[in-house]
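>>> Sequence first, then the predicted structure:
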Amino acid sequence: MRLEDYPKPRNDNGRGIHWVPYTWGQVADENKRVTDDLVQELVEMNMRWVLILNGDGQEWRANEYLVRKLVGPDLSRPNIMPIIRIGTHFDADALAKRARGEQVGLDLNRVREIVAFYRALGVPYFQLYNEPNHIDEWPDHVVPMNAPEICMALWADAALATIDAGGLPGFPPPAPGASWPGGDDLVMMAVMLDKLDARLTVAQRAKLYDKMWVGIHNYFLWRPVLSLPADSHGFKKFVWYEGIIAEKLGRQLPILTGEGGLRMGPPPYGDNANEAQVADSSKEACRYMARAPKYYFCNCFWLMGSAIGGGSMEWENASWFRKDRPRQEAVTALKRLGEFQRNPEPPEEWFFYRNGYPMHRCHLVQGAMLRKFQALGGVSYCGYPTSGEAQEGTLVVQGFEKLTLERWPNGEVKVRGQGPREITIRIPSVAALLTAQGLAAKDVERALAEVTTLYGPPEALVAGEYQVQLPGPSSWRNQDVINAFWIASGRTSFEMLSRAGLDVATLAADRPGAYAGAAIADLPGLTQEERELVLAALPPLTRRLVTFRIPGLHALLEAQGLESEAMTRALRLMAAKYGPAELMVPGAYSVSIPPEPEMPSSAAYTNQEIINAFYTAGGKTWTLLNKAGLNLLALASDRAAPYAGPAVDEMATLTDEERAWVKAALPLKLATPATMRGMMAPLPLTIKWEPAAPENYVKGRAGHPIDLLVIHATGAGWRGTLERARQVIGGASPHYVIDRDGTIYQLVRDQDAARHVLLLQPAAAREALIQPNARSLGVALVNWGQAANEAGEMRWDPYTAEQYASLRELVSYLCKTYRVPRRYPPLGPAAYAPAEQLVYFRGIIGASALDRAPSSPGPQFDWERIG
């Protein structure tokens with residue numbers, strides 16, 4: 001089915017709401033009267049969609065009266081379109097029970113009964129199951145790792161049964177974020193679609209993908225309604241879902257919100273919003289629905305009512321119609337809002353999900369950038385986005401695999417290289433750095449006074465690291481205690497606080513007041529582990545060591561994602577305009593640099609590199625090479641010779657798009673640009689470029705300077721090391737690899753953070769504290785580590801003299817270029833060191849200083865031979 005062929009309500013405006021979450025007794029006369037009143041309210045609010053819970057037990061016909069009221073006389077064009085949710089809890093043992101032939105999940109015969117019954121009343125949409133990543137949907141409140149497989153096994157059967165009965169099956173919406181150990185809701189959505197596709201036959205795929213739709217729970221969660229937060233959690237989460245669906249299934253599917261909006265009441269069933277905030281955000285979402293993309297069908301707010309229809313008091317605060325209190329302001333606001341009927345516009349943003357790539361490496365393209373991207377030819381011309389939008393001086397830039405787009409202050413978007421670039425950096429003030437650490441205004445004042453005493457005026461400090469000590473608070477606030485219990489419980493509930501004999505409402509009544517309850521260590525009802533979790537989440541009461549680092553000019557320019565040549569030009573111009581970078585104090589600095597030169601495409605390449613590029617760009621054929629007028633046999637006769645033919649840009653027989661493909665397939669050249677000579681240490685040795693997969697490094701270093709060199713053993717041969725560096729999933733890569741004959745290969749640019757330090761022990765907290773990949777260059781020597789010799793004895797593989805010679809020259813070059821001190825940690829270069837010793841250490845270390853698990857580069861490595 002096309003999107004246009006899915007059923008819509010009469011006068012569709014995309015506006016909807018979740019009905020009372022209760023299914024028993026709706027046939028009673030009293031409940032019929034409540035239903036009549038609430039349906040009239042729906043009409044006055046111009047609601048066109050309603051999600052209804054439907055039980056799968058004996059009460060499954062209970063919604064008949066409500067559905068007839070909503071649909072009206074024309075079953076093909078309902079006045080208000082019902083969406084019926086049928087579901088039951090998941091079973092962690094479902095797969096084993098299915099294998100034994102036991103009934104598990106929804107009864108398929110009952111599903112067919114329900115769908116056929118309500119389909120005859122005019123209901124086409126049936127959501128099957130709900131929030132498979134939420135603890136409330138699983139026994140013992142634990143979401144298992146194989147939840148996607150369980151969910152899809154149950155859902156696929158129910159979905160096919162729904163189609164057989166004439167309905168359209170809805171994909172179960174994950175909860176935002178939630179509790180699946182494999183990742184957030186975006187990751188789970190992608191994995192569920194993979195599991196679904198793997199279990200279907202070709203015929204089943206054709207049948208199901210043609211009729212299904214996707215549910216979504218896009219609560220606003222205090223995010224601005226039309227914002228695009230990095231974690232996707234907000235109203236526009238549907239943009240991310242659409243990108244995942246399009247990549248996984250190769251088509252667009254309708255996306256329908258069953259639960260959303262901003263909610264009154266405390267967590268976890270509310271957002272602590274007030275009535276005015278709920279009303280304002282609801283109006284904004286309803287206005288947007290008029291122009292929302294055609295794949296986004298409706299937004300159903302949570303919640304019509306609860307106790308008024310016999311539902312739980314848990315949801316009463318969020319209800320728009322309350323049993324014993326006035327209706328929410330949102331009701332009146334929507335009645336006054338008007339229709340805003342659907343008139344979909346082209347999407348304002350696209351999420352480019354890519355199979356096999358980590359979710360955080362997939363990016364949005366939006367607004368003017370998206371229009372330029374589409375005008376150029378989309379992915380085929382530009383490649384996939386490699387970054388989000390970033391501010392670079394007065395420009396907003398976004399990187400793609402084959403080019404970089406720039407949005408200028410006048411709103412025009414250009415391909416990088418079409419004009420001069422304004423580069424502006426701002427060295428943050430000491431006050432701003434302290435505030436960014438979460439210090440209160442009073443603590444910032446104290447810290448500034450300490451800074452003045454120890455180092456001089458804050459506004460005169462230059463790049464570097466500084467430390468001051470501040471006294472901690474004399475006692476905790478009530479809000480501190482609330483926050484600590486919330487964090488200690490995994491941000492799920494205040495049940496732990498209640499067990500401790502504390503009342504959240506009492507504490508919240510005086511949030512800034514001093515906590516006057518019993519000592520945390522003496523609270524009843526908690527285990528010792530729980531007390532320790534709470535204490536760890538409370539702010540310290542002792543003197544605090546506050547450390548801040550004023551970033552240097554190089555780090556700030558690097559954080560803007562500048563390429564090496566642009567970086568060098570900017571550094572040189574800044575120095576000429578403002579003086580030495582080391583003496584620059586907090587403030588704003590800007591320069592204008594000329595366009596970057598085009599990537600070399602003739603004499604810098606060998607004949608073999610030209611052959612490879614044309615073969616790749618031509619879809620592994622010689623079509624483009626022949627079209628360009630090049631002679632394959634002539635090039636192949638001397639593969640290592642410099643290419644002497646016309647530049648790619650001068651090949652008039654190729655289209656602009658074809659030339660871009662060829663240039664994108666050419667290898668990056670590492671020759672030091674002329675503009676950098678004299679500013680970097682002279683390169684004393686030859687380095688061969690063998691690029692790693694983009695998944696194994698992060699572009700830029702987020703402002704971190706290079707202050708560590710980490711020495712590794714590869715644990716494999718050169719080819720095995722390169723294969724791992726080019727793995728899309730589960731790979732890793734250092735910056736440099738030194739083969740046994742002394743040949744040096746570079747796999748990742750120095751200015752990018754390679755994925756070379758993968759801590760196995762202990763947990764990720766150590767990695768987050770030390771930030772080894774963001775700060776370091778990784779140098780790996782080809783070496784098998786401990787292996788059996790011909791006699792079967794375990795021996796440490798020795799390093800070669802050629803490796804030591806190349807390593808000595810490479811380390812000398814890197815230390816001189818990046819001013820890395822030639823020193824080792826206090827415990828030795830390769831001894832496992834406490835995190836606090838490495839957080840601020842600058843120098844050379846072995847990988848085993850970071851992690852207990854590997855012995856790398858191993859006891860056979862002679863550190864004295866580095867020089």
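Received it, and whenever you're ready, just let me know what you need.
>>> Around the residue nearest to Pro358 when sequence neighbours are not counted, how many other residues sit close by?
Leaving aside its sequence neighbours, Pro358 sits nearest to Glu695 (Cβ to Cβ, 6 or more residues apart in numbering; 6.7 Å). Yep, even glycine has a C-beta here, placed from its N, CA and C like the rest. Using other Cβ atoms under 10 Å, Glu695 has 21 neighbouring residues.
>>> what about Glu695, which SS state?
Following DSSP: H, G, I helix; E, B strand; the rest coil, Glu695 is assigned to helix.
>>> OK, contacts around the spatially closest residue to Ser306 that is not a sequence neighbour?
What sits nearest to Ser306 in space, not counting adjacent residues and going by Cβ to Cβ, 6+ apart, is Trp315, at 4.1 Å. By Cβ atoms under 8 Å, 6 or more residues apart in numbering, Trp315 lies in contact with Pro21, Tyr269, Leu303, Ser306.
>>> part of a strand, is the first one?
No: with three-state DSSP as the criterion, Pro21 is located in coil rather than a strand.
>>> Distance check, it against Lys816.
Using Cβ to Cβ, to the nearest Å, Pro21 is found at 67 Å from Lys816.
>>> Looking at the two, which is more packed in?
With neighbours defined as other Cβ under 10 Å, Pro21 and Lys816 compare such that Pro21 has more, 22 against 14.
>>> Please look at that one and Gly310 and confirm they touch.
No: if you go by Cβ atoms under 8 Å, Pro21 and Gly310 don't touch, sitting 9.8 Å apart.
>>> What number of residues are in the vicinity of Ala575?
Neighbour count of Ala575, defined by other Cβ under 10 Å: 16.
>>> try Leu541
Leu541 is flanked by 12 other residues according to other Cβ under 10 Å.
>>> Roughly how far does the residue nearest the centre of the chain sit from Ala692?
The centroid of the chain falls nearest to His360 when counting by Cα atoms, centre = their mean (3.5 Å). Using Cβ to Cβ, we find His360 at a distance of 17 Å from Ala692.
>>> Please apply the same query to Thr606.
From Thr606 across to Ala692, the span is 21 Å (Cβ to Cβ).
>>> And these two? Which one has more around it.
Per other Cβ under 10 Å, whichever of Thr606 and Ala692 has more neighbours is Ala692, with 26 against 17.
>>> Does the more buried one fall in a helix, a strand, or a coil region?
Following three-state DSSP, we place Ala692 in the coil state.
>>> separation between it and Glu723?
11 Å.
>>> Val20 too?
Distance from Val20 to Glu723, counting by Cβ to Cβ: 58 Å.
>>> Which one's more surrounded, those two?
Using other Cβ under 10 Å, the more surrounded residue of Val20 and Glu723 is Val20, with 26 against 12.
>>> List the contacts of that one.
Counting by Cβ under 8 Å, 6+ apart, Val20 has contacts Leu38, Leu303, Met304, Gly305, Ser306, Ile308, Gly309, Gly310, Gly311.
>>> possible to save those as JSON lines with pLDDT and distance to Glu259?
Formatted as JSON lines, the contacts of Val20 follow (pLDDT from 0 to 100; distance: Cβ to Cβ, whole Å):
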{"residue": "Leu38", "pLDDT": "94", "distance to Glu259": "18"}
{"residue": "Leu303", "pLDDT": "95", "distance to Glu259": "8"}
{"residue": "Met304", "pLDDT": "95", "distance to Glu259": "11"}
{"residue": "Gly305", "pLDDT": "93", "distance to Glu259": "14"}
{"residue": "Ser306", "pLDDT": "91", "distance to Glu259": "13"}
{"residue": "Ile308", "pLDDT": "89", "distance to Glu259": "18"}
{"residue": "Gly309", "pLDDT": "85", "distance to Glu259": "17"}
{"residue": "Gly310", "pLDDT": "82", "distance to Glu259": "19"}
{"residue": "Gly311", "pLDDT": "82", "distance to Glu259": "14"}
